[in-house]
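S.K.: Need coordinates for the following:
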Amino acid sequence: MAYVASSNGKKSYKVEWEGDTYTSTDNATLWQSYPGYPVIGVLLCEKKLQLNESVIHYFSEINWHELNQKHKRNYRAALLEVFEQKKLSDREIRRIESETQQIYEQLQRLDIKIVRRIKR
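M.R.: The predicted structure is shown next:
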């Protein structure tokens, strides 16, 4: 079991797993049946997803909740604002986007199940 804090620190999500079956209290995982960021975080910690560690710091200390609300859930617009705020070069942006795409591709290949509750 793991607890993952939200980007604004106001919520904490409980992630549980057994083998390749995962559940979490975040809305994406619980209601939409896809791995939300708390599950993705656990998968990264378990090394089931590989990420170039040098890009992680670009995503830390960002209130994604506030940004996503500001941009009315236009996640690309929120991300572009972060790139602008951090004054990233085109090269850095391409590297981050490439790493992000690789994570999505790894997620698609993972043989995991998302459930509402782990039956024990």
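
S.K.: State the helix or strand in which Y13 lies.
M.R.: Taking DSSP states H and E as the definition, one finds Y13 inside strand 12-18.

S.K.: what helix or strand does R95 sit in?
M.R.: Using DSSP H and E, R95 sits within helix 90-109.

S.K.: Now the helix or strand following that helix: average pLDDT?
M.R.: Remark: after helix 90-109, the chain's next helix or strand is strand 113-114, criterion DSSP H and E. Mean per-residue pLDDT for strand 113-114: 96.

S.K.: and what of stretch 39-58?
M.R.: Stretch 39-58 carries an average pLDDT of 92.

S.K.: for the residue nearest to the spatial centre of the chain, what are its contacts?
M.R.: Residue closest to the average C-alpha location in the chain (Cα atoms, centre = their mean): Y37, at 3.0 Å. Taking Cβ atoms under 8 Å, 6 or more residues apart in numbering as the criterion, Y37 is in contact with V4, D26, A28. Quick note: C-beta positions are derived from backbone N, CA and C, even for glycine.

S.K.: Export those residues as CSV, with columns for neighbour count.
M.R.: As requested, these are exported to CSV (neighbours: other Cβ atoms under 10 Å):
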residue, neighbour count
V4, 20
D26, 21
A28, 17
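
S.K.: Okay, and which of these map to strands?
M.R.: Secondary structure from DSSP state E places V4 of those in strands.

S.K.: would CSV of the contacts of Y37 with distance to E97 and pLDDT be doable?
M.R.: Formatted as CSV, the contacts of Y37 follow (distance: Cβ to Cβ, whole Å; pLDDT from 0 to 100):
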residue, distance to E97, pLDDT
V4, 24, 96
D26, 24, 95
A28, 21, 92
